[in-house]
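# build me a model from this:
(2 chains)
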Amino acid sequence: MKKKNIAKVYLTVFIAFLSISLNAKEKAEGEQEGGKVDTKEEIKEYIDHHLADSHYFNFLSDGEAGEHYGFPLPVILWDNGLKVFSSGKFHHGEELVEIDGQHYKLYHSKIYKTDANGTINYSEESEYPTNERPLDFSITKNVVTMIAVSLLMFLMFSALASAYGKKDIPTKFGRFLEPLVIYVRDDIAKPNIGPKYRKYMSFLLTVFFFIWVLNLIGMTPLGINVTGNIAITFALALITFIIVQFSGNKSYWKHIFWMPGVPIPMKIVLAPIEVLGMFTKPFALMIRLFANMTAGHVVIMSLLGLIFVFQNWIAGPAFFGFTIFISIIELLVAFLQAYIFTLLSALYIGMAVEEHDDHNPADNEDIPVL
Amino acid sequence: MEKLWNDFSFGLFFWQIIILVVLILLLKKFAWKPILDSLNSREEGIKDALASAANARKEMQNLKSDNEKLLQEARAERDGILREAREMKEKVVADAAEEAQKKADRIVAQAKESINLEKQAAMAELKNQVAELSVEIAEKVVRKELSNPKEQHQLIEKMIGDAKLN
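The predicted structure follows:
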């Protein structure tokens, strides 16, 4: 009984502390307006801001004091020549940067070309600025994260690889990694691709761990959202698309342009549908990963935001509990999305390399709808 | 959709492609290939070990059944030898008995024969003696004839009686 009470007290103190610290963080990030983030609009804007990529790597910022704790990242622009400078020059969007007579403004995490006064123009029909944007090759927060994840993966797996040189069975962290590698090989690659799976293992393994680690990093309080970015998922899906098309054998192309086993009018009808299918499959990959990760971030941040909308002792712990619950689900989703992306990539590759002897009904494998 | 287009950053896409392709190639060379190779060789090793263990078990089984067969053969042979020996013994005993019987018969036959011979010889001798006796008697009778014919007669009778007794 006594123990239970103590545990309760600890929990309450912990929640209170967390609420305070979250509050502080939320306050700090409301940099555009300054002051607390406690209205619905501000929370929405804060979430949008969090979901977007950033030219700063901020761990913490204090909106009221205008202080930011983090470091600026290099900005690389291609706008009639290469222009490189530190994002620190923007002072978090407060100042214009002038290079070769061209003014740039950082506005909602994006760089726009402006006049000397930094005017942002809006048109009637769009809620987004109509100012021209330079080609932005900046090393943004997401790029930094990806490089960090790549380094981490390289260290982990090269360590695992070198561990095999000494012993047959890996030790330490390799014991955790090895079953995952075997899992990708035996449960994703082999059943879906078939005997030619070895050629695609590097792609599948890299993509699986890359997405998974990035998803997990998205769960940390660093406020990183890489896999929930459409450019990232587009790049991933594009690589899958290219690999599938380049692996396609004769029978794959025949099934797209001249479907065997159906009457000629059907062949003509099916060809455009199959061609469209070539593109919809990776498109679905792109949207699925993007939407799942973005939705997860939005739900968690909205639940946290609700604490600051209600600001009372009932809603706070309740939404905190919800957040924990959703976070656990998101941990599962982080793995699941990496798995699904890899699985479907393997499935599409398998469809492209599959050898059809003749067309029998058994060949029409159902594509899982996920 | 407009938000998606607005959010799409070509720079991020560019970096992502470069990073991912480089990562795939680097990991392929330094991680995936060695990892998968050693996993494969390990699995092959395990498979081989299992197969050889199964083989050994099978061989053992074979050896065992061979032994069993040998043992069975040996036992059968032993039984055969024993049976043969028993038969031989019986035969030898039977033969010996027969032989002995034959011998005994022969001895008996010989004995009978020699008895017969002896008997005949004795008879012959007896006859000779009788003849001699007869001659003697006849001599004596002839001598006594002269003295007393009565007595002579008596004597002859007595002699004959003696001869009969013989």
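# got the phi and psi for residue 139?
Unless you meant another one, I'm taking chain A. Main-chain dihedrals, A:Ile139, degrees, to the nearest 10: phi -80, psi 90.
# meant chain B actually
Dihedral angles (degrees, to the nearest 10) for B:Glu139: phi -60, psi -50.
# if I look at it, how far off is A:Ser302?
181 Å (CB to CB, to the nearest Å). C-betas here are computed from N, CA, C, even on glycine.
# who has more neighbours out of these two?
Taking other CB atoms under 10 Å in any protein chain shown, B:Glu139 and A:Ser302 do not tie; A:Ser302 has more neighbours (18 against 10).
# and the helix or strand encompassing B:Asn62, what does it pack onto?
Following DSSP states H and E, one finds B:Asn62 within helix B:33-144. In terms of contacts (3 or more CB pairs under 8 Å, 6 or more residues apart in numbering or on different chains; DSSP states H and E), helix B:33-144 is packed against helix A:141-166, helix A:174-183, helix B:149-165.
# what's the mean pLDDT across that helix?
Averaging pLDDT along helix B:33-144 gives 90.
# distance check, the residue nearest to the spatial centre of chain B against A:Leu151.
Compute the mean C-alpha point of chain B, and by CA atoms, centre = their mean the closest residue is B:Ile81, 1.0 Å away. For B:Ile81, the distance to A:Leu151 (CB to CB) stands at 85 Å.
# ranges for the helices of the stretch 201-350 of chain A?
Using DSSP state H, counting those that start in this stretch, the helices of the stretch 201-350 of chain A run over A:201-218, A:230-247, A:250-257, A:264-310, A:315-353.
# among those helices, where is the model least confident on average?
helix A:250-257 (a mean of 83).
# how many other residues sit next to the closest residue to A:Val75 other than its chain neighbours?
Once flanking residues are discounted, A:Val75 sits nearest to A:Ser138: 4.5 Å by CB to CB, 6 or more residues apart in numbering or on different chains. A total of 22 residues lie near A:Ser138 under the criterion other CB under 10 Å.
# next one: the one 5 residues further on
The local packing of A:Val143 (other CB under 10 Å) involves 25 other residues.
# now it. Nearest residue, chain neighbours left out?
Leaving out its chain neighbours, the residue that sits closest to A:Val143 by CB to CB, 6+ apart is B:Trp15, at 4.5 Å.
# likewise for A:Asn131?
Nearest residue to A:Asn131, sequence neighbours excluded (CB to CB, 6+ apart): A:Tyr112, at 3.9 Å.
# let me know the helix or strand that the one you found is in.
strand A:110-114.
# average pLDDT for the very next helix or strand once past that strand?
Per DSSP H and E, the first helix or strand lying C-terminal to strand A:110-114 is strand A:135-136. Averaged over strand A:135-136, pLDDT sits at 80.
# give the pairing partners of strand A:135-136; include direction for each.
strand A:74-78 (antiparallel) (DSSP bridges).
# parallel or antiparallel, which strands does the very next helix or strand once past the partner strand pair with?
As assigned by DSSP H and E, the chain's next helix or strand after strand A:74-78 is strand A:82-86. Using DSSP bridges, the strands paired with strand A:82-86 are strand A:74-78 (antiparallel).
# quick one, the strand it pairs with and strand A:110-114 angle?
50 degrees (axes from the mean of the first three to the mean of the last three CA atoms, to 10 degrees).
# against B:Glu132, how distant is the nearest residue in space to B:Lys140 that is not next to it in sequence?
Excluding its sequence neighbours, the residue lying closest to B:Lys140 (CB to CB, 6+ apart) is B:Leu155, at 7.0 Å. B:Leu155 sits 17 Å away from B:Glu132, going by CB to CB.
# neighbour count winner among those two?
B:Leu155 (16 against 10).
# per-residue confidence at that one?
What the model reports as pLDDT for B:Leu155 is 74.
# do the same with the one 10 residues further on
For B:Leu165, the pLDDT comes out at 65.
# who in the stretch 1-150 of chain A is up against chain B?
A:52-53, A:76, A:110, A:126-128, A:135-140, A:142-143, A:146-147, A:150 (CB under 8 Å from any CB of the partner chain).
# give me the buried subset of those residues.
When neighbours are counted using 16 or more other CB atoms under 10 Å in any protein chain shown, those contain these buried positions: A:52-53, A:76, A:110, A:136-140, A:142-143, A:146, A:150.
# let me have those in a markdown table, extended by distance to A:Asn229.
Listed next are those as a markdown table, based on distance: CB to CB, whole Å:
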| residue | distance to A:Asn229 |
| --- | --- |
| A:Ala52 | 8 |
| A:Asp53 | 6 |
| A:Ile76 | 18 |
| A:Lys110 | 13 |
| A:Asp136 | 14 |
| A:Phe137 | 15 |
| A:Ser138 | 14 |
| A:Ile139 | 15 |
| A:Thr140 | 10 |
| A:Asn142 | 6 |
| A:Val143 | 11 |
| A:Met146 | 10 |
| A:Ser150 | 16 |
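# need the max-distance pair from these.
A:Lys110 and A:Ser150 (24.9 Å; CB to CB).
# between the buried ones among the residues of the stretch 1-150 of chain A next to chain B, which sits nearest A:Ser87?
A:Ser138 (7.1 Å).
# remind me which helix or strand that closest one belongs to.
With DSSP H and E as the test, A:Ser138 turns up in no helix or strand.
# surely it touches A:His55?
Yes: counting by CB atoms under 8 Å, A:His55 is a contact partner of A:Ser138 at 5.8 Å.
# need the overlap of contacts for the two.
Contact criterion CB atoms under 8 Å, 6 or more residues apart in numbering or on different chains; residues shared by A:Ser138 and A:His55: A:Leu73, A:Val75, A:Ser87, A:Ile111.
# just checking, the third one touches A:Ser138?
This points to A:Ser87. Yes: with contact defined as CB under 8 Å, A:Ser87 and A:Ser138 form a contacting pair (7.1 Å).
# rewinding a little: just the shared contacts of A:Ser138 and A:His55 now: which is nearest A:Leu343?
If you rank those by distance to A:Leu343 using CB to CB, A:Leu73 comes first, at 34.2 Å.
# you'd agree that closest one is up against A:Ile139?
Yes: with contact defined as CB under 8 Å, A:Leu73 reaches A:Ile139; the gap is 5.2 Å.
# A:Asn131 is in contact with A:Ile111, isn't it?
No: between A:Asn131 and A:Ile111 there is no contact under CB under 8 Å: 9.6 Å.
# comparing those two, which residue is more hemmed in?
The residue with more neighbours, out of A:Asn131 and A:Ile111, is A:Ile111; 24 against 19, by other CB under 10 Å.
# quick one: contacts for that one?
Neighbouring residues of A:Ile111 by CB under 8 Å, 6+ apart: A:His55, A:Val75, A:Leu77, A:Tyr104, A:Lys105, A:Arg133, A:Pro134, A:Asp136, A:Ser138.
# what bridges to it?
A:Leu106.
# where does it land on pLDDT?
On the pLDDT scale, A:Ile111 is placed at 78.
# try the one 10 residues further on
Each residue has a pLDDT score; the one for A:Asn121 is 74.
# against A:Gln102, how distant is the nearest residue to it once chain neighbours are set aside?
Leaving aside its sequence neighbours, A:Asn121 sits nearest to A:Thr130 (CB to CB, 6+ apart; 5.0 Å). When distance is defined by CB to CB, A:Thr130 is 17 Å away from A:Gln102.
# got the contact list for A:Lys141?
A:Asp53, A:Ser54, A:His55, A:Tyr56, A:Phe57, A:Leu73, A:Ile224.
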